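**Student:** here is a sequence together with a model predicted from it:
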Amino acid sequence: MIVEGLGLMFAGMGVVFAFLTLLVGAMKVSAKVLKRFADAETTRGSLETTKTAVLHQVGDELTEIAVAIAAVKACARS
Amino acid sequence: MIVEGLGLMFAGMGVVFAFLTLLVGAMKVSAKVLKRFADAETTRGSLETTKTAVLHQVGDELTEIAVAIAAVKACARS
Amino acid sequence: MIVEGLGLMFAGMGVVFAFLTLLVGAMKVSAKVLKRFADAETTRGSLETTKTAVLHQVGDELTEIAVAIAAVKACARS
Amino acid sequence: MTRTLRLTKKLSGKPLAIVAALLVLCLFCGVSMAGATSAPAPASASDTLDASDAPTGKVEKLWKSTGLNAFVEGGKALFSDKKSDDHQLIPLGIGQFIMIIVGCLLIWLAIKKGFEPLLLIPIGFGGILANVPVAAIAGPEGFLGLIYGFGIQTGLFPLLIFMGVGAMTDFGPLIANPKTALLGAAAQFGIFTTLIGALALSQFIPGINFSLQDAAAIGIIGGADGPTAIFLAGKLAPDLLGAIAVAAYSYMALVPIIQPPIMKFFTTKEERGIVMKQMRHVSKVEKIVFPLMVLGICILLLPDATPLIGMLMFGNLLKECGVVERLSKTAANELINIVTILLGLAVGSKLAAEKFLQLETLGILILGLVAFCIGTAAGVLLAKLMNRLSTEKINPLIGAAGVSAVPMAARVVNGVGVEENPHNFLLMHAMGPNVAGVIGSAVAAGVLLALCG
Amino acid sequence: MTRTLRLTKKLSGKPLAIVAALLVLCLFCGVSMAGATSAPAPASASDTLDASDAPTGKVEKLWKSTGLNAFVEGGKALFSDKKSDDHQLIPLGIGQFIMIIVGCLLIWLAIKKGFEPLLLIPIGFGGILANVPVAAIAGPEGFLGLIYGFGIQTGLFPLLIFMGVGAMTDFGPLIANPKTALLGAAAQFGIFTTLIGALALSQFIPGINFSLQDAAAIGIIGGADGPTAIFLAGKLAPDLLGAIAVAAYSYMALVPIIQPPIMKFFTTKEERGIVMKQMRHVSKVEKIVFPLMVLGICILLLPDATPLIGMLMFGNLLKECGVVERLSKTAANELINIVTILLGLAVGSKLAAEKFLQLETLGILILGLVAFCIGTAAGVLLAKLMNRLSTEKINPLIGAAGVSAVPMAARVVNGVGVEENPHNFLLMHAMGPNVAGVIGSAVAAGVLLALCG
Amino acid sequence: MTRTLRLTKKLSGKPLAIVAALLVLCLFCGVSMAGATSAPAPASASDTLDASDAPTGKVEKLWKSTGLNAFVEGGKALFSDKKSDDHQLIPLGIGQFIMIIVGCLLIWLAIKKGFEPLLLIPIGFGGILANVPVAAIAGPEGFLGLIYGFGIQTGLFPLLIFMGVGAMTDFGPLIANPKTALLGAAAQFGIFTTLIGALALSQFIPGINFSLQDAAAIGIIGGADGPTAIFLAGKLAPDLLGAIAVAAYSYMALVPIIQPPIMKFFTTKEERGIVMKQMRHVSKVEKIVFPLMVLGICILLLPDATPLIGMLMFGNLLKECGVVERLSKTAANELINIVTILLGLAVGSKLAAEKFLQLETLGILILGLVAFCIGTAAGVLLAKLMNRLSTEKINPLIGAAGVSAVPMAARVVNGVGVEENPHNFLLMHAMGPNVAGVIGSAVAAGVLLALCG
Ligand code: NA
Ligand code: NA
Ligand code: NA
């Protein structure tokens, strides 16, 4: 039965490697084929980046609130 | 079998119209019957409107924060 | 059958009381056994209290924002 | 044809009338068509449209499939054949109509009066659906019947609800003041007196025939715990499940009305004013050990109660262990909500007229009320007894919270206490017996399962 | 062996090549091993590895278990044995391959074109899984088959979806303007004309053989309501379920393309410009009473429709009663999401090639489209008729919303209206016939169940 | 009677003592009552209370239904009848007691040591419940048995978990660096060596008898993927499911302890310090195409793996397509949480003493550990081999992440890398082999199903 297990091991590892090797190939092909989609997306992506930037700005604004409060406090003290 | 289908059509459309016609009648009756409940509700509804107004005020406050920050910035610049 | 019911009652109430009396005992024992864990926890608990305090401070900061806005408004008016 | 045309003219300007006319026309044509086709009806359709031989085939079939016809036939039966009426109080059609009204009543109580709406709205609606004539929604092939078979017959739904309850319950007040657990035990007295009451009714009133199992399932109403009652009734007396569940949840909702007079009757003004000292802090590790401890006692003493107690404590362990928050939140929210909807509908399926409209249901309702009262009294009286024997006094009002009905009973205790002394907040102290009552009624259910199951 | 070594040398520096070599080596060794062990194979393993007698045992078994082999065998069959091809348009292997492409197409339409993605992505994926050769995922033992049996054969999933739809639907616009309900009735005309169309196709085209049940299930596509279509098809014509569901959801997604030309064809410029007066406020109690009223009419008139109408109204009652928010939110979110995933996959399991790749599917797709068009036209025409007979004019465009397809159809109406008059917002007015259409198609489904079921 | 009174007097002032006295009184009365009623016991009750003939009927029945009795009887059996002990290592009562301790141990590991608490708490609790004597909660009629039959025997629960995992997994790092997929393949070597190890144990150690199926199910522990292990064990070796699941999740939790020494042993200081270049950006469309591509390869090469791979990729498609956020969020949150609770309990039901307390369990635990070690080593060694053959070096540490155990293994890789060079963050690079390992072990499971199933 152990020898049979060895057969299972070779068959199994063979299929696992075959599967993932095929997948590597497929990913490489799809990366090339889909490149122009990706390029098109990048343009849109930059728009999204702008959005994110806006969000960051909102985050900054919270910092600004803190700054504003500090400023007002400073004012109040002075 | 097609003629049988016609029978099904008349029976079916009949029931569908009967159902929704009855529903129209029932809605009209219930609208009249339930009118005084509705009136009672309106009084309570005005309370809810007040609540919503309060919420709006909260929203206004956020705007105020922005205004405050702008003011502080302007101060800082000047 | 009613007398049988009485038997059920005594057996049932007996088990219920036995169960919860055992539970009372177990809770008392566990309270004593676990006391040192509880003590150890208290030390950590004080850390958490600090955290809560920090949170309160955040709450205070929101109040501060309101104060700041009021101050800015007062400024703007003056 | 002429008549419909005249009708149309007369009511012209009102679209509703036109449509009504169209409708009559349609049905009329349907009849004619069906009549015309009846002769050359193909064989393949004959089994599906077996009534199409008569000229009025399709319309007749349609009429027979209406609920109106079913109700009317039921009504006719009321006056004609009395002899088939022996084993049934009222004929089916009328009975179903009454049960639909009962379903609406439950929904009304839930919405308008706030009677445990989370359960009584699904139960009421399920009850209406179960009594729709012709459709047999609650039958073994109907979807309510399927949900019942999947979730309640197997006991799965009440157990999942119990898990969710465990994930929502804080046993801290009980751990802080262990002896209040005994009050949760005393309040189960109502269960067993009701059991005896059911057996007595069965013996002395001719129309009522409860078996020992039935009596046990009825008694558990006194436990004031919905899932426990549904679990036990599903195992011991499925036919009475509808009445038992409705009684249990109704009385749980009526706790603020039922309990205060009893609490006041058995206590003096001084006793109600007793102020209890503040509770000690309960450590996290105690709360984690607690569910395992309860489970351990349950395994040693009463394995038959482990499904109920076990799931309650599993939910509580998920909550208290602090490392599986996503599971405990799901158990206490989405999962319990989904199961509540399905459980309510399935319980409602047991409100079918032929099962519910019996003299026995009246007996169940009365017995359930008695169970609540006795449970409340027993809790209060044990608290007074404990005060006699101990120097550290407890407010006897909190004994009333031992009937479970979490957290309603504890709130009622708090309310009665505040009435007496506006600065005496008993809520947390009452939570101890309250959650102990949940354990107590699950244990009682286990005993009944072990001895009558 | 030499060849793989040479290959390795030549492509050295590229890890992929080495791995490929290893792989060949592995498989080769596997063959040798299996060959070596074939003689002394122990008895206990002989049943699990029955092909291991031949020298190439394991590899052959492995090859036979690949999908590649199944497709190729199917392809071979295409050219060889034509005589077993009688009852099947194309051989299984090729058919499954085509259906996998169809599944991908549905997913592409859903993602790229926004075709009802919530349903078409699970359906498409389920379709792919159902057509995986060898695995039999959609078979009675496969997991898709199990989900199908549990959720669709019993009708449970469509009913739970309907409950969720009820918990998301606001019937306010219908209550405010009751007579728009009639438009929702008229639009169901498409259902019954399609039914007749299906029977006609069946009679005149040789390859198509629809029974009356099949025709009824196909007709319901015209109801433009997914769960209703799945519920009815699951009861009357399970074999056609895949095609019917795909057609229903596809055309619902195509509403913005299908409806506008028809709407414009049947209305004049003036009619499209009619401005409707603002709606009255609908009180909370009216909204609570409404679902019970609909249920009551349904029970009186058509008990066979109560499962569908009942669950829709149950969901709506949960939403409107205002006291069980946690249940209504769960019904409208988590529960409907979970059921949608499982329903989609299970419906997809009916896209198995041997059921789907039939001439009949083409017929279903064409008939479904016709149904949509007729339903739209009927709604618009009844609106025009009602305007003739009433002084209070309604914009006939809103009649087109009667086909259901909530809320897409109402939005399309609004779009066409705004095109004519930029200040004429018809959205809320169109919601009345739109939600009435949901009720209407459920009623039509009930009639078909009662007369053909 | 006198004794209880004296006891009461002596301990007066302590309510606990009074209650204890009451309790003894109750039980005593119960005995008397039962004795008194035994003679005129009605026929209807005789079947439910069959032991009531003897004077101590009810109490005896109650005692027999306690867990204490069951444990004691089991204990007695240990010393008395040795001959019925042949097919069982230890008597049932004691075995159940030991398994309850094991359940508590798992819960303790989960809470205190952070061992995969999401799974090990439900499994541990389910294990306790399954070993409650008398109640037979894990039996075919018990609720755990029902959940097991519904969810695990059918494979449904692991597949739904896999869908949720897919909806939470980002395959971006793998797509950005495809060749790391091979490391995920190499790490599956542990599965097959363990399989052979199990067969060897079976041949050379007398008490252990694993069939080929058992060996395959044990091997999959080396896949370090919980749902895959449960799915395969449920199909091939249900009796070993408990031990396999516990081993899989325990070792996944132990990854930070098991892997680092092996990783360090097989790599030099320079190799561990290799800095990998930053990853390229992966476009949205690549991420959408990826799951369909994997599914396509799976269909072509190994249809038996499609249920697992298919559901994983379905979940991932829901996540990546971006148009069905409500479905992907439900799949990754509420649905996976609900299924995790039920799956954990059901897996725990396989920790019943008679199945678990076998020599074979010890073998499984040891083999599982060996599988992890070999898988880790194989991943690292293939990474080194790939470095030999390619100019673009990869850090061989990331090979260790190929065993799956997402995301623990990748974090461990990052930790070991940072130890060597504080500015070398390998987390994202290790995620590639890590998610490839999930695919790899699902493929290995498919092969084992195809060849041993
Ligand atoms: Na109770
Ligand atoms: Na419709
Ligand atoms: Na793996």
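**Tutor:** That came in fine, so what should we check first? Ligands and ions are numbered 1, 2, ... in the order given.
**Student:** how does chain A divide into domains?
**Tutor:** Annotated domains of chain A cover A:1-44, A:46-78 [automatic domain parsing].
**Student:** which of the ones you listed has the lowest average pLDDT?
**Tutor:** For these, mean pLDDT drops lowest on domain A:46-78, to a mean of 47.
**Student:** where does the stretch 51-200 of chain D dip in pLDDT?
**Tutor:** D:51-59, D:65, D:67, D:70-92 (pLDDT under 70).
**Student:** let's see 80
**Tutor:** Under the criterion pLDDT under 80, the flagged ranges of the stretch 51-200 of chain D are D:51-93, D:134-136.
**Student:** for the closest residue to ligand 2 within it, give me its contacts.
**Tutor:** Residue of the stretch 51-200 of chain D nearest ligand 2, by CB to the ion: D:Leu62 (20.3 Å). Heads up, the C-betas are built off the backbone N, CA and C, glycines and all. Contact analysis of D:Leu62 by CB atoms under 8 Å, 6 or more residues apart in numbering or on different chains lists B:11, B:15, E:447, E:450-451.
**Student:** from those residues, which is closest to ligand 2?
**Tutor:** Nearest member of these to ligand 2, counting by CB to the ion, is E:Val447, at 13.1 Å.
**Student:** D:Asn131 versus that closest one, what's the distance?
**Tutor:** Note on E:Val447: its distance to D:Asn131, by CB to CB, to the nearest Å, is 22 Å.
**Student:** neighbour count for those two, which is higher?
**Tutor:** D:Asn131 (30 against 27; other CB atoms under 10 Å in any protein chain shown).
**Student:** quick check: that one touching D:Ile100?
**Tutor:** Yes - shown here, D:Asn131 and D:Ile100 form a contact pair, counting by CB atoms under 8 Å, at 5.2 Å.
**Student:** next, the buried residues of the helix or strand hosting D:Glu270.
**Tutor:** In the assignment (DSSP states H and E), D:Glu270 maps to helix D:269-273. Across helix D:269-273, burial judged by 16 or more other CB atoms under 10 Å in any protein chain shown covers D:271-272.
**Student:** next SSE after that helix?
**Tutor:** Next along from helix D:269-273, by DSSP H and E: helix D:284-301.
**Student:** ok, that next one near chain F or not?
**Tutor:** Yes - contact of helix D:284-301 with chain F is found when judged by CB under 8 Å from any CB of the partner chain, involving D:288, D:292, D:295, D:299-301.
**Student:** sorry, back to before: and the gap between the residue of the stretch 51-200 of chain D closest to ligand 2 and chain C?
**Tutor:** 52 Å (CB to the nearest CB, to the nearest Å).
**Student:** can you tell me the SS state at that residue?
**Tutor:** helix (DSSP: H, G, I helix; E, B strand; the rest coil).
**Student:** quick one: pLDDT of the closest residue to D:Ile111 other than its chain neighbours?
**Tutor:** Among residues not flanking D:Ile111 along the chain, E:Cys321 sits closest, at 4.8 Å (CB to CB, 6 or more residues apart in numbering or on different chains). Among the per-residue scores, E:Cys321 holds a pLDDT of 94.
**Student:** same question, the one 3 residues further on
**Tutor:** Listed pLDDT for E:Val324 reads 95.
**Student:** was I right about it contacting E:Leu318?
**Tutor:** Yes - using CB under 8 Å, E:Val324 is in contact with E:Leu318, at 5.5 Å.
**Student:** who touches both of those two?
**Tutor:** Here E:Val324 and E:Leu318 share the contacting residues D:Ile121, scored by CB under 8 Å, 6+ apart.
**Student:** quick one: which of these two has more around it?
**Tutor:** Shown here are E:Val324 and E:Leu318; by other CB under 10 Å, E:Leu318 has more neighbours (29 against 25).
**Student:** what sits against that one?
**Tutor:** D:121, D:341, E:163, E:166-167, E:324, E:327-328, E:331.
**Student:** go through those and flag which are in helices.
**Tutor:** D:121, D:341, E:163, E:166-167, E:327-328, E:331 (DSSP state H).
**Student:** want to try a markdown table for these, with distance to chain B as columns?
**Tutor:** Output for the ones in helices among the contacts of E:Leu318, formatted as a markdown table (distance: CB to the nearest CB, whole Å):
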| residue | distance to chain B |
| --- | --- |
| D:Ile121 | 19 |
| D:Ile341 | 26 |
| E:Met163 | 20 |
| E:Gly166 | 15 |
| E:Ala167 | 20 |
| E:Leu327 | 22 |
| E:Ser328 | 19 |
| E:Ala331 | 23 |
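**Student:** now go through the contacts of D:Leu62 and say which are in helices.
**Tutor:** Counting by DSSP H, the contacts of D:Leu62 contribute B:11, B:15, E:447, E:450-451 to helices.
**Student:** I'd like to know which residues of chain A are adjacent to chain E.
**Tutor:** A:1, A:3-4, A:6-8, A:10-11, A:13-15, A:17-18, A:21, A:24-25.
**Student:** just the buried members of those?
**Tutor:** A:1, A:4, A:6-8, A:10-11, A:13-15, A:17-18, A:21, A:24.
**Student:** if we check chain F, which of these are in contact?
**Tutor:** A:1, A:4, A:6, A:8, A:11, A:13, A:15, A:17-18, A:21, A:24.
**Student:** any part of stretch D:343-350 near chain F?
**Tutor:** No - using CB under 8 Å from any CB, stretch D:343-350 stays clear of chain F, with a minimum separation of 14.4 Å.
**Student:** what about that stretch, average pLDDT?
**Tutor:** 93.
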